[in-house]
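A.B. asks: here is my input; please provide its structure:
(2 chains)
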Amino acid sequence: MNVLSELRRRFRISLEALEADAGEAAELVLPSKDPRFGDYQANCAMPLGKRLGLPPREVALRLVEQLSVEELCEAPEIAGPGFINLRIKDEWLLGQLERMVADVQQLGIDPSEQPKTFVLDYSSPNVAKPMHVGHIRSTVIGDALCKVLRQLGHRVISDNHIGDWGTQFGMIIYGYKHFVDEEALEANAVDELSRLYKLVNRLVEYHATREQKIPGVEQQIVELAGRLEQMDDATELENPKDRKRAEKRLRQSENQLTELRATLDELRNQVAAAENDRELGPLLCEHAEIGAAVLAETAALHAGDKTNQALWDRFLPACLASIDEIYDRLGVTFDHTLGESFYHDQLEKVVEELAQRGLVKESDGAMCVFLEDFEAPFIIRKQDGAFLYATSDLATIRYRMGEWAPDAIIYVVDHRQSLHFQQLFETARLWGYDHVQLEHVSFGTVLGEDGKPYKTRSGTAVGLSGLLDEAVVRALRIVGENDDAREQPLLSTEQRQENAERIGIGAIKYADLAHNRTSDYVFSYDKMLAMNGNTAAYMQYSYARVRSIFEKGEVDVDALRNSGASILLTKPEERALAMALLQFSEALERVATDFRPNHLTAYLFELASIYSGFFENCPVLKAEDDKLRNSRLLLCDLTARTLARGLKLLGIEVVERM
RNA sequence: GCGCCCGUAGCUCAGCUGGAUAGAGCAACGGACUUCUAAUCCGUAGGUCGGAGGUUCGAAUCCUCCCGGGCGUGCCA
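C.D. replies: Presented below is the predicted three-dimensional model:
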């Protein structure tokens, strides 16, 4: 039962009697932050007073007169300028909790009154490239949203829109044709393909750096230095405001110049390193045109070249197996994996259809959709005739609408692509898909401890597989040290390993989910594996601590649930816990409303803290009598189940002992 | 140039569509294990919410300007 929804429903009725804008005003019923103000508070009397020309307290009084909440709340209190404070009746609270006790499957969470169909697009790695730290957020957030929405009774179709038709395959094909070790390919296709990809990528990078990037940066430095010389005069401007602005620009340009010079040094070092590399060096000259050659292999694949198509058919399964290995480890699954290649033969038609609607204009040889409010056009076909991801994204929308008729399509993709999605959504609307909710659920960058995007020391992206390994290794060390420190260790070697896997992977996921997704966050093993604070390890420990009571007391949980024992609220800590347990579904609803899993982590952390208060103050096994003992056991059971379910919805496993 | 995002305690971050005294964790200091897991808990200290205006009964939250930072910006994804 979602208490907040229920209260709002009732307020809506009483608001309508006052001829107010009931829907909007009812949204001002909120959970109270301070227990002194009850469990919930309605803040709508103040704005309404203004609109109705009445004193807010008078409005509050009338609202309360109309309000029908007798069985649910104590008599509402009006406080301050016109706050209406509501305290849930213990009796009603207990009724709800007993429902939760009995409802093993759903924990008393009612399905949404208006179930919707969502298509969830997340993870979307490029196959043939090892997954790296940049994929973690999309995968983890998307998976959590998927699970939460389903828990709330929505129909969710998860679709992994993998990049399986791009340049990276051109690289592998080129690599195969020049460098393959057939024996290695037979023995372990993924490793060999990965080797080929990396080798070709490094060769391409070398030439691109030497022939394009370095001259580009040099040019920028020359231009900027030239502009800087001219700027010096500007500092003598008389108008203080102009002068200040000029000084600022000067400062910024100087910083920029320093940065550019550093970049140039770095690029030159990279080139030198490649030339001195024993493996790479000898190949550099021979493969001078590799950049163009890779594009040609890609183009040949797209054009239906038999050899390349055969290679694609041969390589793809191994590539998929490689990313599936990571998904297995993360416990992430998808209903569909329809990548770019799936839409390949639909792209021409998409451009035609848009053209028929008069949406397409040719510009500099490219097919463009020009949109109001956007400077740059949305390009759907390049000069050379090739299609872009804009085109395949449009084809994907059409397919999804035809196949699943969703109410919403949600893209869990990093914030740097927001412009692309704005243009994509606008184009889709003009195309006729104007009733579907298209949502870019964006997220920030994972940063290293230096505050810059998380990279290895050599500047490459951190591999996801190694990231998970490291977390598990560290978790194992912590688990071992702590268990060894006990007089009587609790865990076998196997249990320690199993725990480390759950704690390590859970730590990474939880750290990601606990941050507001729109902001960047600093990746730190020490913080995410800490036993204090809002971490997976703390939540898992809280869970294990609750469970140990049942073990210690040799309590049969099923029997307890079916015993008909009732819950008693004899201390404030018991009531606070009861209230928190009941509010689980509100937390889930908040997650679903704005697609922010951190509302759920915040709730779980709050619940664990409140449970701590209960644990300190309310003896369970040594309660005064059996009735109280059983009551507290039921509260413990509900806490354990809520923690486990909440973590499960975040894709995190609990451990029974730690 | 234009567009989007960010700036909250020494550090890392919460703060839900504007609500009552801005919260956690870490670090600091002081307490609690013959008592259900001390991998824990409790307490103390720490803030001009980047700055200045404005809207409002009420602003960290909304608007304007300024300062500082990130990202994006016509043929990559």
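
A.B. asks: tally of neighbours for residue A:61?
C.D. replies: The burial count assigned to residue A:61 is 16, neighbours taken as other C-beta atoms under 10 Å. Glycine gets a C-beta too; all of them are placed from N, C-alpha and C.

A.B. asks: no wait, residue A:326
C.D. replies: Residue neighbour count, defined by other C-beta under 10 Å, stands at 20 for residue A:326.

A.B. asks: surely it forms part of a strand?
C.D. replies: No - membership of residue A:326 in a strand is not supported by DSSP: H, G, I helix; E, B strand; the rest coil, which gives helix.

A.B. asks: need phi/psi at the closest residue to residue A:83 other than its chain neighbours.
C.D. replies: Nearest in space to residue A:83, with sequence neighbours left out and distances taken as C-beta to C-beta, 6 or more residues apart in numbering, is residue A:41 at 5.4 Å. Here the main-chain torsion angles of residue A:41 (degrees, to the nearest 10) amount to phi -140, psi 140.

A.B. asks: ok, residue A:41 touching residue A:87?
C.D. replies: No - using C-beta atoms under 8 Å, residue A:41 and residue A:87 do not qualify as a contacting pair, with a distance of 10.1 Å.

A.B. asks: who has more neighbours out of these two?
C.D. replies: Neighbours per residue, other C-beta under 10 Å: of residue A:41 and residue A:87, the larger number sits with residue A:41, 23 against 18.

A.B. asks: show the model's pLDDT score for the more buried one.
C.D. replies: Looking at residue A:41, its pLDDT is 94.

A.B. asks: again with residue A:236
C.D. replies: Predicted confidence (pLDDT) for residue A:236: 62.

A.B. asks: remind me what the host helix or strand of residue A:466 packs against, helices and strands.
C.D. replies: In the assignment (DSSP states H and E), residue A:466 maps to helix A:464-484. Using 3 or more C-beta pairs under 8 Å, 6 or more residues apart in numbering; DSSP states H and E, the elements in contact with helix A:464-484 are helix A:306-330, helix A:493-514, helix A:525-528.

A.B. asks: restricting to C-alpha, output the second one in PDB.
C.D. replies: Coordinates of each C-alpha in helix A:493-514 appear next as PDB, following Å, rounded to 0.1, in the frame of the first residue of the first chain:
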ATOM      1  CA  THR A 493      36.700 -20.500   2.400                       C
ATOM      2  CA  GLU A 494      33.900 -21.000  -0.100                       C
ATOM      3  CA  GLN A 495      31.600 -18.700   1.800                       C
ATOM      4  CA  ARG A 496      34.200 -16.000   1.900                       C
ATOM      5  CA  GLN A 497      34.700 -16.200  -1.900                       C
ATOM      6  CA  GLU A 498      31.000 -16.200  -2.500                       C
ATOM      7  CA  ASN A 499      30.600 -13.200  -0.100                       C
ATOM      8  CA  ALA A 500      33.400 -11.300  -1.800                       C
ATOM      9  CA  GLU A 501      31.800 -11.700  -5.200                       C
ATOM     10  CA  ARG A 502      28.500 -10.400  -3.900                       C
ATOM     11  CA  ILE A 503      30.000  -7.600  -1.800                       C
ATOM     12  CA  GLY A 504      32.500  -6.500  -4.500                       C
ATOM     13  CA  ILE A 505      30.100  -6.400  -7.400                       C
ATOM     14  CA  GLY A 506      27.400  -5.000  -5.100                       C
ATOM     15  CA  ALA A 507      29.800  -2.200  -4.000                       C
ATOM     16  CA  ILE A 508      30.300  -1.000  -7.600                       C
ATOM     17  CA  LYS A 509      26.700  -1.200  -8.500                       C
ATOM     18  CA  TYR A 510      25.500   0.500  -5.300                       C
ATOM     19  CA  ALA A 511      28.000   3.300  -5.500                       C
ATOM     20  CA  ASP A 512      26.800   4.000  -8.900                       C
ATOM     21  CA  LEU A 513      23.100   3.900  -8.000                       C
ATOM     22  CA  ALA A 514      23.500   5.800  -4.800                       C
END
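
A.B. asks: mind listing what's buried in it?
C.D. replies: When burial is assessed from 16 or more other C-beta atoms under 10 Å, helix A:493-514 yields the following buried residues: A:495-514.

A.B. asks: likewise for the last one?
C.D. replies: For helix A:525-528, burial by neighbour count (16+ other C-beta under 10 Å) applies to A:525, A:528.
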